[in-house]
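1. one predicted model, sequence on top.
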Amino acid sequence: MTETIPSEHHAHRPPRARGLIALVAVAALALASVALYFSGPDSSRALTRSLVVNGSGTATGVPDTVIFQLSVNTLRTNAGEALKVNNIRVKALMAALHAQKVTKRDIQTSNLNIYQSTNQYGTPTGFTVSDSLQVTMHDIKRAGGAIDAAVAAVGNGVSFNGVSFSQSNQSVALAQARAKAMRAAHTAAADLASAGGVHLGTPIKIVDQENQVSPPYPIMYGAVASSGKAAVSTNLSPGTQSVTVQVSVTYQVTP
């Protein structure tokens, strides 16, 4: 009797081995598909080439608004008397400002202090009341006359603490500064593209990074003379004020 031995081709493999072989085959097929997707000429994940540059532009304008602070100070032996006298002086100050065309809405109390005063040895000498007003004037040419009138109304008890200028409408200066900033950014981008051997395209992103206004020029004054009258009319010179704009621009570039 002849015994038939099954060939290797027809040998039965365990179910676990068959499953492992199938898993390896599927994994290999998946890896091949991914490699083909990313490396193929029709890949949809091609990166956009871009160039990012910064530009800055500055424009100047003439301020048309002035803000200054006037303080009225009174020293008396008791707090009630000091406050009463100081209030009378403040009313006289405000009346003088109104006569110079300063409206109520442009006069704001910025500080009010009542404190005990002492000499160099620490001995109480009375009470001081200090009332500060912030004044805004939209006609700079009249500001000097308003200050003179305030000094004449209050006399020795007034002090002028500072002045600053601003532009009520900066839209024109901002537009000019932005245009200069964009021109500067385009010039820088064109130079870099030329040096890098690429062609500069159109902007695809523009960010207005920062707007800066030059700080006001401070002018400080001390207390007035005992006569309460200014010898020469006060003159305020606004000069000019600059506005600076910085932009970040992203350009598309091609080979």
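-> Yep, that arrived.

2. going by C-alpha atoms from here, please, whenever you check contacts or count neighbours.
-> Noted.

3. just the pLDDT at G61, thanks.
-> The per-residue pLDDT reported for G61 equals 87.

4. and it, what is it in contact with?
-> For G61, the contact set (C-alpha atoms under 8 Å, 6 or more residues apart in numbering) comprises Q167, A173, T240, Q241, S242.

5. of all these, which two lie farthest apart?
-> With distances taken as C-alpha to C-alpha, the most widely separated pair in those is A173 and T240, at 11.5 Å.

6. overlap in contacts, those two.
-> Overlap of the contact sets of A173 and T240 (by C-alpha under 8 Å, 6+ apart) consists of T60, G61.

7. so which of the two has more stuff around it?
-> Each of A173 and T240 has its neighbours counted (other C-alpha atoms under 10 Å); A173 has more, 21 against 16.

8. gap between that one and A190?
-> As judged by C-alpha to C-alpha, to the nearest Å, A173 and A190 stand 26 Å apart.

9. now do the helices in this structure.
-> Assigned by DSSP state H, the chain shows helices spanning 15-39, 79-99, 143-154, 171-196.

10. which strands and helices sit next to the last one?
-> Read it as helix 171-196. Counting contacts by 3 or more C-alpha pairs under 8 Å, 6 or more residues apart in numbering; DSSP states H and E, helix 171-196 is packed against strand 50-61, strand 199-213, strand 241-254.

11. got it, and the second one?
-> Contact analysis of helix 79-99 by 3+ C-alpha pairs under 8 Å, 6+ apart lists strand 65-76, strand 124-137, helix 143-154 as its packing neighbours.

12. now mean pLDDT, distance to S194 and mean neighbour count too, for the ones you listed, in TSV please.
-> TSV is the format used below for the helices and strands packed on helix 79-99 (pLDDT from 0 to 100; distance: least, C-alpha to C-alpha, whole Å; neighbours: other C-alpha atoms under 10 Å):
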stretch	mean pLDDT	distance to S194	mean neighbour count
strand 65-76	94	46	21
strand 124-137	94	52	20
helix 143-154	92	55	22
